[in-house]
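Engineer: mind looking at a prediction? Sequence and model below.
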Amino acid sequence: MTADAVRAAAPVWAVRDGVLPLDRPRLLGIVNVTPDSFSDGGNFFSRDAAVAHAERLAAEGADVLDVGGESTRPQGAEPVSEAEELARVVPVVRELVRRLPQVPVSVDTVKAAVADAALAEGARIVNDVSGGRLDARMAAVCARHGAGFVLMHSRGTVHDMATYTYAEYDDVVADVLAELEGRVVAARAAGVAAEAIVLDPGIGFSKRSAQSLAVLAGIPRLCSAGYPILVGASRKRFIGELTGVEVAAERVAGTVGAHVAALMLGARLFRVHDVRPARQALDVAWAVLAAGAAGPA
Ligand code: HH2
């Protein structure tokens, strides 16, 4: 197969009012408008700081800007009220849609009302770390707006989904796949188009380090569901445990390693704090893979 043929065969992700072709690795740059996120909490808590950060991520090559107003940090994330989350997220989404109309904005929320408000402001994707599990209205909101919908695997509530409380599996890859397929059935039943759906195994969510490694290694099996796979390994605990690097912001090289491996196994979307190194590493890794697919030069 030629490199052009590889690209031509690539799927596209239907994100409200357009598509994001998955003909190369796509990056979601993380914009945490929170005081308490595990690796950058408080850094971009004001609207202006969050917007400036997002503009920097776009300039560094982010394909999507993922705006979130509620942390799921492992050390007991405190759930945020709907009013507070709206107040954090909506002004940032509004400003990004105005300033960067060419970069799709995604909203990272488990609340249908927050998703609805962000989509009304021009966001094009909903990234739900509960895959629609925690708010029965979420899938219908995504369907009504025609939004792209990231269904991430997790168990439990916002407060404990990033702990090990529910980290019991028979076969972690099979169990995650089955639970995600259940979320897909619910989303499709609510009217979400198949082309709008992306699946994410939820690295570090109700998963010990070995289980996060297992789901990364299991990406080819996850791909068998027929939906694009997104991975969010950025700065996460398993990288700290593997490398001994305790400061989350210093886990950039480990993050790149995890994401390049995930790309080779079939993932096409990556949610990252550090866009510049991710862009460079994944584009080069992709060029190598495409050259291999093209056959002898
Ligand atoms: N991880 C986090 C948040 N949202 N969304 C998807 N789709 N995949 C992920 O792996 C994922 C996610 C947690 O990371 P972060 O936003 O940096 O931290 P916090 O939850 O503390 O704000």
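Structural biologist: Alright, I've got the coordinates. The shown structure was predicted, so the numbers you read here are calculated from the model rather than taken from an experiment. Numbering: from 1, shown residues only.
Engineer: when you work out contacts or count neighbours from here on, use the C-alpha atoms and nothing else.
Structural biologist: Fine.
Engineer: doesn't Ser106 make contact with Val126?
Structural biologist: Yes: between Val126 and Ser106 a contact is recorded at 5.5 Å, counting by Cα atoms under 8 Å.
Engineer: can you list the residues of this protein near the ligand?
Structural biologist: Contacts of the chain with the ligand, taken as Cα under 6 Å from any ligand atom, map to 32, 37-38, 71-73, 127, 129, 152, 200, 202-203, 232-233.
Engineer: and the residues you listed, which is closest to Val184?
Structural biologist: For the residues of the chain next to the ligand, the residue nearest Val184 by Cα to Cα is Met152; the value is 10.4 Å.
Engineer: roughly how far apart are the closest one and Val12?
Structural biologist: For Met152, the distance to Val12 (Cα to Cα, to the nearest Å) stands at 19 Å.
Engineer: ok, the two, which is more surrounded?
Structural biologist: Neighbours per residue, other Cα atoms under 10 Å: of Met152 and Val12, the larger number sits with Met152, 28 against 15.
Engineer: let me see the contact set for the more buried one.
Structural biologist: By Cα atoms under 8 Å, 6 or more residues apart in numbering, Met152 lies in contact with 127-131, 180, 199-202.
Engineer: and the host helix or strand of Gly292, what other elements does it pack with?
Structural biologist: In this assignment (DSSP states H and E), Gly292 forms part of helix 275-294. The contact analysis (3 or more Cα pairs under 8 Å, 6 or more residues apart in numbering; DSSP states H and E) places helix 275-294 against helix 3-8, strand 26-32, helix 252-265.
Engineer: output those as CSV; include the columns mean pLDDT.
Structural biologist: Shown next, in CSV, are the helices and strands packed on helix 275-294 (pLDDT from 0 to 100):
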stretch, mean pLDDT
helix 3-8, 46
strand 26-32, 97
helix 252-265, 98
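Engineer: would you map the helices across the stretch 51-200 of the chain?
Structural biologist: Secondary structure of the stretch 51-200 of the chain (DSSP state H, counting those that start in this stretch): helices located at 82-99, 112-120, 138-145, 172-189.
Engineer: quick revisit: for the helix holding Gly292, which positions count as buried?
Structural biologist: 275-279, 281-283, 285-286, 290 (16 or more other Cα atoms under 10 Å).
Engineer: nearest residue to Gly218 in space, please, no chain neighbours.
Structural biologist: Distances taken as Cα to Cα, 6 or more residues apart in numbering place Val173 nearest to Gly218, at 6.0 Å, with adjacent residues excluded.
Engineer: Arg73 too?
Structural biologist: Residue nearest to Arg73 in three dimensions, not counting chain neighbours: Phe38, with 5.2 Å by Cα to Cα, 6+ apart.
Engineer: return the residues in contact with that neighbour.
Structural biologist: Contact partners of Phe38, counting by Cα under 8 Å, 6+ apart, are 71, 73-74, 248.
Engineer: count of neighbours near Pro220?
Structural biologist: The burial count for Pro220: 16, using other Cα under 10 Å.
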